[in-house]
Every structure is written in structure tokens, then in C-alpha cells.
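Colleague: Have a look; sequence and predicted model below, questions after that.
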Amino acid sequence: MDPLHVSRIAELASVLEVSGYPKPGNVHRTRDFDDMVYEDFLVSGIVTGDTMRLAAERGEKLRDTLDLSTLGLGELILRAVEDTRRWVSTNTNLGIIMLLTPLSAAAGMVDSGDLQGLREQVNRLILQTTSEDAVNLYRAISTAEAGGMGEHDTLDVNDPASQQRIIDENITLFDTLKMSADWDLIARELTSSMPVTFNVGFPVFKGTVEEHGMNRAVVQTFLTILSRFPDTLISRKYGEEIALEVSEEASDIVDRGGVLTAAGLRRVEKFDRKLYRMGWNPGTTADLTASSVMVGLLDYYSELA
């Protein structure tokens, strides 16, 4: 796909995700948090567009090669995080960057409409990452100041000795993500061929957008993901029981139609107020919604590529 088209889709996915109303428990067009506001996310989505274009350009150049290790995925993620922090003072989009960067690179490697090829190339890219990619990912996490990410029993994102060990022992970006896959849904997504994005989020978006429009398609995608996968940001902050409780309530709402009916919309608005009041922020679900929307938009606008 054309790299400019890919970058525009990535920007749109970020902007549409945060604009989804009422996306429960998150910043959206009518809800700010004390430490970050709606406009922070709009800015973040747009200023990373250049990196997404670069990722697609690099992917395009590697289209017919077997060795994808030279792509520099970790460096691209770090670049996007640094671009964000020049404009925004808090971590708004690390998870989105981690998901959308390999999607953008893979999109540059396939023809428009080839979603199966897109998924296969993302998996190849992640599997062929290097220890340098891993170090740059750790630097990105540190730059974003994302609490709880990049910390393991033997490796610490903020420890220079850990970064040296990654190089010395040839620990790849895939390896570091795999260490976190049991407790971080984004790491699990990237090391298992993106099942939430392609098997859950994208089908809901695709099946909803024509009849109900972009906004409701985004929120319904978010609710469906949350209903099936307890949010690991909530789990890290408040425990697994709270994360499960939130998912169960989301599941009940989805079973009753979600935002696709007037009564369901009122329930979602009430759910949003509850999560905001409790401070239960399904941030990981929002990231996975963005990747699902990106795949959905690549499909929706395939004739423009």
C-alpha cells in the first residue's frame, strides 16, 4: 500500500479511537482527565503520522525480502514516542504506537485489501526483531514514562545494565514482549499474531460501521474487546478481580446491544460515568481498539489506496 495512505489511516485510527463517545472509562470528546485531555490525544495521533509513513516506506522496500530484521521496528517505536513527547507532556499513546507501527510497516509490504497478508507480515516482523529493537523499545517505554511496562524479574527498563544484557545475550524485542505476555495484553497481542485486533475488534468494526457510522462502530468495538478480555491496565492498578468485574459488566451491555440501541446507549453512558468515578481506566482496551480501527479503515478505504 502507498505509505502516505497508510500514515493517514494510522492517524485517523488514533483520532477516531479517542473521539469515540461514550467510550467507558477513558478520555473522549466530552471527558478529560486531570493529567491528560482530549486534545492531547488528537495531537499525539497526528504527530506520529510521519513515523507511520516511514514505517510503511521501510516495509515497502522489504516487500520481496525474506530477512525483515533490518526494518528497525524498535527505533521506529522510539521515534514515534519521542515525537509525541515533544508535543505532549504525558504518556498518551505508547500502546497505540506499539501496535500501529508494525501494522504500518506491514501495510507497506502488501497490496490494498490483503488483510490476511497484512496479518502474516506483522507476525513475520515481530518474529524477526533484534536485540537492538528490544533496547530501543525499552528506551521508548522509559521516555514515555509508562509505569509497569518493561519490568521483569531480571530485566528493568530503567536499568542500563539490563539494556547491556539484552545486547550481550541477543534478547530480541519478541523475547522481551514474550516475558510480559502473561500479564500485558499488548505484549500478548504482538507475540501471537494479533488475535484481538483481527479476530475480534476488526470484525465488529466492519460489521457495524456501514449501518451505524464511525463513532458507534468505534465504541461497539471497544465494548466488545473489553467484554472478552479483562483490561490489563486495570488489572495492574486495581487487581484482577476489578478487571474481571469491569469486563463482566461490559459483556452484559454488549449482550443487550451495546451502543446500537437507544436504551443500550444510555447504559453505556452510565457505565462510563461509573468507571470514571472509580478511576477504572481500560487503557489497554483503548489501544487495541485503535489497532482494530486501523485494520478496519484499511479495509473501509481500500479503494483509495
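Modeller: Yep, that arrived.
Colleague: okay, and the helix or strand of this structure with the least pLDDT?
Modeller: Taking mean pLDDT, DSSP states H and E as the measure, the chain has helix 160-168 as its least confident helix or strand, at a mean of 83.
Colleague: Restrict the helix or strand containing residue 122 to CA atoms and write it as CSV.
Modeller: According to DSSP states H and E, residue 122 maps onto helix 115-127. The C-alpha coordinates for helix 115-127 follow below in CSV (Å, rounded to 0.1, in the frame of the first residue of the first chain):
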residue,chain,number,x,y,z
LEU,A,115,-5.7,-8.3,5.2
GLN,A,116,-4.5,-11.8,5.6
GLY,A,117,-1.2,-10.8,4.1
LEU,A,118,-1.1,-7.8,6.4
ARG,A,119,-1.5,-10.1,9.5
GLU,A,120,1.1,-12.5,8.2
GLN,A,121,3.6,-9.8,7.7
VAL,A,122,3.1,-8.3,11.1
ASN,A,123,3.8,-11.7,12.6
ARG,A,124,7.0,-12.0,10.5
LEU,A,125,8.2,-8.6,11.5
ILE,A,126,7.8,-9.3,15.2
LEU,A,127,9.4,-12.7,15.0
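Colleague: any idea which helix or strand comes after that helix?
Modeller: In N-to-C order, the element after helix 115-127 by DSSP H and E is helix 131-144.
Colleague: Give the other helices and strands that that next one contacts.
Modeller: For helix 131-144, the packing partners by 3 or more Cβ pairs under 8 Å, 6 or more residues apart in numbering; DSSP states H and E come out as helix 73-87, helix 94-107, helix 160-168, helix 173-180. In short, each C-beta sits where N, CA and C put it, glycine included.
Colleague: Which of the ones you listed has the lowest mean pLDDT?
Modeller: Lowest mean pLDDT of the helices and strands packed on helix 131-144: helix 160-168, a mean of 83.
Colleague: by contact count, what packs against it?
Modeller: Secondary-structure packing of helix 160-168 (3+ Cβ pairs under 8 Å, 6+ apart): helix 131-144.
Colleague: got the contact list for the helix it packs on?
Modeller: Helix 131-144 is contacted from outside by 72-75, 77-78, 80-82, 84-85, 91, 94, 97-98, 149-150, 157-158, 162-163, 166-167, 169-173, 175-176, using Cβ atoms under 8 Å, 6 or more residues apart in numbering.
Colleague: need the helices and strands packed on helix 131-144 in a markdown table with distance to residue 280 and mean neighbour count, can you?
Modeller: Listed next are the helices and strands packed on helix 131-144 as a markdown table, based on distance: least, Cβ to Cβ, whole Å; neighbours: other Cβ atoms under 10 Å:
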| stretch | distance to residue 280 | mean neighbour count |
| --- | --- | --- |
| helix 73-87 | 24 | 22 |
| helix 94-107 | 17 | 28 |
| helix 160-168 | 31 | 14 |
| helix 173-180 | 21 | 21 |
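Colleague: No more questions from me, cheers.
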